[in-house]
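Enquirer: no sequence for this one, just the structure:
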């Protein structure tokens, strides 16, 4: 035994539920739950918008820091360009400097230190040895050869370094402070060969101190500065893995943005990384901070939404119970009473809404049904009497059929075979007309009936009329209403070709199109008033065109208003009668 489908089981279960249960279930599924879901989505959306607005405000603050970095970068590169082309500094590097050269170099280097914010020292070195320096602090006589060698070997023209540990001598003690260092080459003016290295060292802690006040220090943040190639210029973070992830996120984008934010994992958990691009230098300023959780606030908001939904749902349910459920229960009880056979109209107070109209309409219907039952009872008695009379009337056609059959055999006995054959065909026609059934026969049987009828017409008309049948074999299994083709042939012969002396033609054609059968009876007779006949078929006098109206009404009654008989004709050219029926196969 086939198991019921889940959907069928669910439908059956739902249909068996009481209307109150259906209302509660619908209220929960289609009102409360959707409102809760929409409330959750709305709250999440609002919190995300709030979060995004907060991050965009921080990015705007970060852009101000980026502008400060751009200003610092411009000052450094401008002063470095001025100093690297100075004659006094070139003289110091070549070993031909005079006292005046040292004095001029000191004056220009001090001026550059004043113009560059947080500048610790500016130094001129050769082969890693400091030859001359000026600034707020004095560094040891040796530079970081890893960086100076890159400049002196012409590997790069300039170089920014991050976290460069520089040793300073404020007195007899040596202190080490991290510096952001800029190294550039000093060229001989005539040969353009590398003569030495100019280095500018900027206090990293002082720069960070200026950048950090733009953010909320209590959140806990890290600042990272990348150059245009992704190299770290400035950072206060020890989490190298997190820095690498941030660099990958920024530089991995196909269309790299000037500002943005994303989530990144760090050793302290998930963090939000915000970045902004420096317009002039192309560097990127990055700030990371702990990701703020709004879970508690969201939970309170969602819980409030759920409580409101349940409260409104209960109020709505109480209203519906009073205005819909109770009246429907009362109506169901009245229906149960009527089913027991008590067809009495009850008078009671009803509401003025649609359900009240249904209740009053039901009581009117009960009264009307009671009257109809009495009428049907009387009509049934009359129908039984009519059927009895019809049974008696059938005796005469059967008597005629039996008489024709007897005459047929009498003609055979007298060897009058032509009369015998005509009587046999005529008796067969009567037999098919009197055959009982649903009124639908296969096209194959209808064609056999038509052949018998044409046989009689040929005997009557002789060679004056030619009958042509054009019916594809695959259509002969379909069924059509009984006795619709023969009356059309009879009309074609009796009205269109009755005065024809020769070359008369009647063609029977059946075709299939769009799940419909089209039966055509075509003659080349005198034609008729097709427009008038079509009008009679629709709404004319029942006494006119009785056969055509009978066929048209039978077809429309069985198949619908779009089916039926259509007539096309022209005086002197002939007539086409088209009958359209639905496609049905014999069961």
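Expert: That came through, no problem. Given the structure is predicted, the values throughout are model-derived calculations rather than measurements.

Enquirer: tell me where the stretch 301-450 of the chain has strands.
Expert: Under the criterion DSSP state E, counting those that start in this stretch, the stretch 301-450 of the chain contains strands at 440-442.

Enquirer: residue ranges in it under the pLDDT threshold?
Expert: Under the criterion of pLDDT under 70, the regions of the stretch 301-450 of the chain flagged as low confidence span 377-378, 381-411, 413-421, 423-424, 434-438.

Enquirer: which parts of the stretch 101-250 of the chain are helices?
Expert: In the stretch 101-250 of the chain, the helices defined using DSSP state H, counting those that start in this stretch lie at 145-152, 204-211, 240-251.

Enquirer: JSON lines please, covering those and showing mean pLDDT.
Expert: Formatted as JSON lines, the entries for those read as follows, by pLDDT from 0 to 100:
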{"stretch": "helix 145-152", "mean pLDDT": "89"}
{"stretch": "helix 204-211", "mean pLDDT": "87"}
{"stretch": "helix 240-251", "mean pLDDT": "87"}
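
Enquirer: nearest to residue 314, of these?
Expert: The closest approach between residue 314 and any of the helices of the stretch 101-250 of the chain, judged by C-beta to C-beta, belongs to helix 240-251 at 49.9 Å. (C-beta placed from N, C-alpha, C; glycine too.)

Enquirer: can I assume residue 180 is in contact with residue 161?
Expert: Yes: between residue 180 and residue 161 there is a contact under C-beta atoms under 8 Å: 7.3 Å.

Enquirer: now for the two: what residues contact both?
Expert: residue 233 (C-beta atoms under 8 Å, 6 or more residues apart in numbering).

Enquirer: of those two, who's got more company?
Expert: Looking at residue 180 and residue 161 with other C-beta atoms under 10 Å, you find the greater number of neighbours at residue 180, namely 25 against 19.

Enquirer: separation between the residue lying closest to that one once chain neighbours are set aside and residue 142?
Expert: If the residues on either side of it in the chain are set aside, residue 180 comes closest to residue 202, at 4.5 Å by C-beta to C-beta, 6 or more residues apart in numbering. Residue 202 sits 19 Å away from residue 142, taking C-beta to C-beta, to the nearest Å as the criterion.

Enquirer: quick one, which of these two is more surrounded?
Expert: It is residue 202, of residue 202 and residue 142, that has more neighbours when counted by other C-beta under 10 Å, with 21 against 13.

Enquirer: list the contacts of that one.
Expert: Residue 202 makes contact with 72, 76, 116, 117, 118, 119, 120, 179, 180, 181, 182 under the criterion C-beta under 8 Å, 6+ apart.

Enquirer: swap in residue 91?
Expert: 97, 98, 101.

Enquirer: how about residue 97?
Expert: With contacts taken as C-beta under 8 Å, 6+ apart, residue 97 has the following neighbours: 88, 91, 105.

Enquirer: TSV for the residues you listed, including pLDDT and distance to residue 39?
Expert: Shown next, in TSV, are the contacts of residue 97 (pLDDT from 0 to 100; distance: C-beta to C-beta, whole Å):
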residue	pLDDT	distance to residue 39
88	92	75
91	91	78
105	92	72
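
Enquirer: for the residues you listed, which one is nearest residue 136?
Expert: Set against residue 136, the nearest of the contacts of residue 97 by C-beta to C-beta is residue 105 (17.2 Å).

Enquirer: what sits against the residue nearest to the closest one when sequence neighbours are not counted?
Expert: By the measure of C-beta to C-beta, 6+ apart, the closest residue to residue 105 outside its immediate chain neighbours is residue 88, 4.1 Å from it. For residue 88, the contacting residues are 97, 100, 101, 102, 104, 105, 108, taking C-beta under 8 Å, 6+ apart as the criterion.

Enquirer: tell me who's in contact with the residue nearest to residue 338 when sequence neighbours are not counted.
Expert: Of all residues beyond its chain neighbours, the one nearest residue 338 is residue 366 (5.8 Å), with distances taken as C-beta to C-beta, 6+ apart. Taking C-beta under 8 Å, 6+ apart as the definition of contact, the neighbours of residue 366 are 338, 343, 344, 345.

Enquirer: would you mind measuring from the third one to residue 198?
Expert: Read that as residue 344. 116 Å.

Enquirer: the more surrounded of those two?
Expert: Comparing residue 344 with residue 198 by neighbour count (other C-beta under 10 Å), the higher total belongs to residue 198, at 25 against 10.

Enquirer: hmm, who's touching stretch 203-214?
Expert: The set of residues external to stretch 203-214 that reach it, using C-beta under 8 Å, 6+ apart, is 61-62, 64-65, 68, 72, 118-120, 162-163, 177-180, 221, 223, 234, 236, 285.

Enquirer: just the buried ones from those, in PyMOL syntax?
Expert: A single PyMOL command is used to select the members of these judged buried by 16 or more other C-beta atoms under 10 Å:
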select buried, resi 61+62+65+68+72+118+119+120+162+177+178+179+180+221+223+234+236+285
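
Enquirer: next, count neighbours for residue 235.
Expert: Number of residues near residue 235 (other C-beta under 10 Å) recorded here: 20.

Enquirer: partner residues bridging it?
Expert: Per DSSP bridges, residues listed as beta-bridge partners of residue 235: residue 224.

Enquirer: quick one: contacts for it?
Expert: Under the criterion of C-beta under 8 Å, 6+ apart, the contact partners of residue 235 comprise 162, 163, 222, 223, 224, 225, 243.

Enquirer: how about residue 439?
Expert: For residue 439, the contacting residues are 481, 482, 554, by C-beta under 8 Å, 6+ apart.

Enquirer: quick one: the lengthiest strand in the chain to helix 204-211, angle?
Expert: The strand that spans the most residues within the chain, counting by DSSP state E, is strand 175-187. Counting by axes from the mean of the first three to the mean of the last three C-alpha atoms, to 10 degrees, strand 175-187 lies at 90 degrees to helix 204-211.

Enquirer: follow-up on the earlier one: just send the contacts of residue 97 back as JSON lines, with distance to residue 48 too.
Expert: Converted to JSON lines, the contacts of residue 97 look like this (distance: C-beta to C-beta, whole Å):
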{"residue": "88", "distance to residue 48": "60"}
{"residue": "91", "distance to residue 48": "64"}
{"residue": "105", "distance to residue 48": "58"}
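
Enquirer: and the strands in the stretch 151-300 of the chain?
Expert: Counting by DSSP E, counting those that start in this stretch, one finds strands in the stretch 151-300 of the chain at the ranges 158-168, 175-187, 194-203, 221-226, 232-235, 259-266, 269-277, 284-290.

Enquirer: between those strands, which gets nearest to residue 80?
Expert: strand 175-187 (5.0 Å).

Enquirer: that closest one pairs with which strands?
Expert: Under the criterion DSSP bridges, the sheet neighbours of strand 175-187 are strand 158-168 (antiparallel), strand 194-203 (antiparallel).

Enquirer: okay, the ones you listed, which one's buried deepest?
Expert: With neighbours defined as mean count of other C-beta atoms under 10 Å, the strands paired with strand 175-187 peak in mean count at strand 194-203, which reaches a mean of 24.

Enquirer: what's the closest of the strands of the stretch 151-300 of the chain to residue 546?
Expert: Closest approach to residue 546 among the strands of the stretch 151-300 of the chain is made by strand 259-266 (87.9 Å; C-beta to C-beta).

Enquirer: list the buried ones in the closest one?
Expert: By neighbour count with 16+ other C-beta under 10 Å, strand 259-266 contains the buried residues 259, 260, 261, 264, 266.

Enquirer: against which helices or strands is that strand packed?
Expert: In this structure, strand 259-266 packs against helix 33-84, helix 240-251, strand 269-277, with contacts taken as 3 or more C-beta pairs under 8 Å, 6 or more residues apart in numbering; DSSP states H and E.

Enquirer: ok, 10 Å please
Expert: Counting contacts by 3 or more C-beta pairs under 10 Å, 6 or more residues apart in numbering; DSSP states H and E, strand 259-266 is packed against helix 33-84, helix 240-251, strand 269-277, strand 284-290.

Enquirer: so which bits of the shortest one are buried?
Expert: Neighbour-count burial for strand 284-290, counted by 16+ other C-beta under 10 Å, picks out 284, 285, 286, 287, 288, 289.

Enquirer: perfect, that will be all.
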